[in-house]
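> got a predicted structure plus its sequence, pasted below:
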Amino acid sequence: RDDAAREQDAERQRELRAAAVREAGDTAAALGLLRASGRSGDAYALLCEAAARPASRLPLIAEALERADLAAEVATLLWEAACLPPPALAEGVCALADAGRAEDARILLSQAVGRPAADVAHTALALRAAGRPEETAFLLTGVLRTRTAEEAVRVAEPVPAELVPPLLDAAAAESPHRYRDLAHALRGAGLPGAPEAG
């Protein structure tokens with residue numbers, strides 16, 4: 001009974017994946033036709049809609065675009081995915097990384113760095129909850145490289161207990177100078193977990 005149920009479940013998963021691959025192929029074909037007929041507004045709307053589908057579809061759509069000689073469209077797809085709410089953005093990063101598209105996952109994270117501090121915080125929390133320390137570190141390192149230490153501290157403010165330690169780790173991996181600046185800013189903000197002045 002268990003074997004039969006497992007096989008049934010596996011078959012269902014295969015069917016769902018095949019349907020998702022077909023859907024991705026249809027999206028790429030439709031996009032190609034829209035571009036060929038100069039309907040750039042409709043093409044953009046289609047990419048926005050595609051980016052908002054379940055995260056597991058994102059790598060399939062990117063692959064379908066590449067197969068259809070529309071690799072340049074992947075950048076727009078990722079740009080739109082980077083604008084999704086933090087939980088969906090984190091899921092997209094995980095789906096891309098798991099599908100062997102680590103570079104696309106990093107592009108998504110690099111774009112997410114520019115979002116408001118609260119969005120970055122919730123993206124980092126979602127990545128940590130999904131057990132993705134590397135992706136969390138990449139995101140927080142991007143914050144440290146592109147913002148002042150005081151601005152970086154704002155990313156840790158929503159949940160200091162969860163976010164101060166990985167932020168300090170990212171700063172330490174960057175440079176002693178970066179770590180000192182962040183530690184000073186954390187103390188100034190009175191956040192728990194800030195290192196003592198040494």
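Nice, thanks for sending it over.
> rest of the way, CA atoms for contacts and neighbours
Fine.
> low-confidence ranges in the chain?
Scanning the chain for pLDDT under 70 picks out the ranges 1, 198.
> which single helix of it contains the most residues?
helix 2-36 (DSSP state H).
> any chance you could list what contacts the host helix or strand of residue 44?
According to DSSP states H and E, residue 44 maps onto helix 40-51. For helix 40-51, contacts defined as C-alpha atoms under 8 Å, 6 or more residues apart in numbering pick out 27, 31, 34, 35, 58, 61, 76, 77, 78, 80, 81.
> what about the closest residue to the last one other than its chain neighbours, distance to residue 89?
The one in question is residue 81. Nearest non-adjacent residue to residue 81, counting by C-alpha to C-alpha, 6 or more residues apart in numbering: residue 51, 5.1 Å away. The gap separating residue 51 from residue 89 is 10 Å, by C-alpha to C-alpha, to the nearest Å.
> likewise residue 15?
Distance from residue 15 to residue 89, by C-alpha to C-alpha: 26 Å.
> report the central residue of the chain.
residue 93 (3.4 Å; C-alpha atoms, centre = their mean).
> show me what contacts that residue?
Per C-alpha under 8 Å, 6+ apart, neighbours of residue 93: 104, 105, 106, 108, 109, 135.
> circling back: find the residues that touch each one of residue 51 and residue 89.
residue 81.
> what about residue 148, neighbour count?
Neighbour count of residue 148, defined by other C-alpha atoms under 10 Å: 14.
> with residue 49 instead?
Residue 49: 14 neighbours (other C-alpha under 10 Å).
> go on, residue 75?
14.
> what's the answer for residue 36, then?
Residue 36 has 11 nearby residues by other C-alpha under 10 Å.
> for residue 46, see how far away it is.
14 Å.
> just residue 111 next, same as before
Counting by C-alpha to C-alpha - residue 111 and residue 46 are separated by 20 Å.
> ok, now residue 156?
For residue 156 relative to residue 46 (C-alpha to C-alpha), the value is 35 Å.
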